[in-house]
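Novice: Sequence and predicted structure are below.
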Amino acid sequence: MLYIRFPLSLRYVEDLLHERSIDVSHEAVRFWWHRFGPMFAAEIRKRRIEGMKSSRWCWHLDEMFVKINGERRYF
């Protein structure tokens, strides 16, 4: 879950688990990522979407650059 939730390297996850007295190699973390990663990622996406719907979340565009007929414009 640490590897999916945060942008960590496999060896860094291995070190974090070692600090918690869990002795695994980075290859085991990679195997777990390929096996369980899609399931964790889908759950995280689902929670984010549900959270946005319930809080009436909306976004707005503050400023942007647009290319119109090859000319760059600032809005």
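Specialist: Received, thanks. Numbers count the residues shown, from 1 in each chain.
Novice: Low-confidence stretches in the protein?
Specialist: Residues of the chain that meet the criterion pLDDT under 70 lie in 1-6, 49-62.
Novice: any chance you could map the helices in it?
Specialist: Assigned by DSSP state H, the helices in the chain fall at 2-5, 10-19, 26-54.
Novice: Same list, these, but as TSV with distance to Glu63 and mean neighbour count please.
Specialist: Where C-beta positions appear, they are placed from N, C-alpha and C, glycine not excepted. Formatted as TSV, the helices of the chain follow (distance: least, C-beta to C-beta, whole Å; neighbours: other C-beta atoms under 10 Å):
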stretch	distance to Glu63	mean neighbour count
helix 2-5	31	15
helix 10-19	36	14
helix 26-54	23	12
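Novice: Can I get these in TSV including distance to Tyr74?
Specialist: Below are the helices of the chain laid out as TSV (distance: least, C-beta to C-beta, whole Å):
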stretch	distance to Tyr74
helix 2-5	36
helix 10-19	40
helix 26-54	29
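Novice: Which of those sits closest to Phe65?
Specialist: helix 26-54 (26.5 Å; C-beta to C-beta).
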